[in-house]
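Q: the following comprises the amino acid sequence and a computationally predicted model.
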Amino acid sequence: QVQVVESGGGLVQAGGSLRLSCTTSGLTFDDYAMAWFRQSPGKEREEVSCIKSSGRSTYYADSVKGRFTISRDNAKNTLYLQMNSLKPEDTAMYYCAAEVYDYCPGTPLDAWGQGTRVVVSS
């Protein structure tokens, strides 16, 4: 059974930074592209960023390009999202997920954690 645990969210002022982490179990981490999604009330889930299994290819949504950096440590089965220059519109619950067939962006596996909440105050 795939398990995902996100951490690192919190309350931060606009312009601040946070680093999210995600650990997984129950899958071979370095076989999968990994992605960060976010969802805020009343909005659809959005794929924010993803990274292929090798770490050599990444994707960013236009809304976060230049501010967020995704990375992974395959030895630690851990995915990261460094978020800088945060804006109030970045406020959301953030989730990580493995992507099917190492596609990035792609289709997430239906295995979600509890998420980690990010709140950016203006």
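A: On my side now, so go ahead.
Q: so the residue nearest in space to the middle of the chain is in which element?
A: With distances taken as Cα atoms, centre = their mean, Trp36 lies nearest the centre of the chain, 2.2 Å away. Per DSSP states H and E, Trp36 falls inside strand 33-39.
Q: now for that strand, which elements pack on it?
A: Judged by 3 or more Cβ pairs under 8 Å, 6 or more residues apart in numbering; DSSP states H and E, strand 33-39 is in contact with strand 18-25, strand 46-51, strand 78-83, strand 92-99. No exception for glycine: its C-beta is placed from N, CA and C like everyone else's.
Q: what do you get if the cut-off is 10 Å, keeping everything else the same?
A: Counting contacts by 3 or more Cβ pairs under 10 Å, 6 or more residues apart in numbering; DSSP states H and E, strand 33-39 packs against strand 18-25, strand 46-51, strand 58-60, strand 68-73, strand 78-83, strand 92-99.
Q: can I get it as CSV, trimmed to CA atoms?
A: Included here for strand 33-39 are C-alpha records, laid out as CSV according to Å, rounded to 0.1, in the frame of the first residue of the first chain:
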residue,chain,number,x,y,z
ALA,A,33,8.0,11.0,-11.5
MET,A,34,6.8,12.9,-8.4
ALA,A,35,4.6,15.9,-8.3
TRP,A,36,3.3,18.6,-6.0
PHE,A,37,-0.4,19.6,-6.3
ARG,A,38,-2.4,22.2,-4.4
GLN,A,39,-6.0,22.9,-3.8
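Q: mind listing what's buried in that strand?
A: Buried residues in strand 33-39, counted by 16 or more other Cβ atoms under 10 Å: Ala33, Met34, Ala35, Trp36, Phe37, Arg38.
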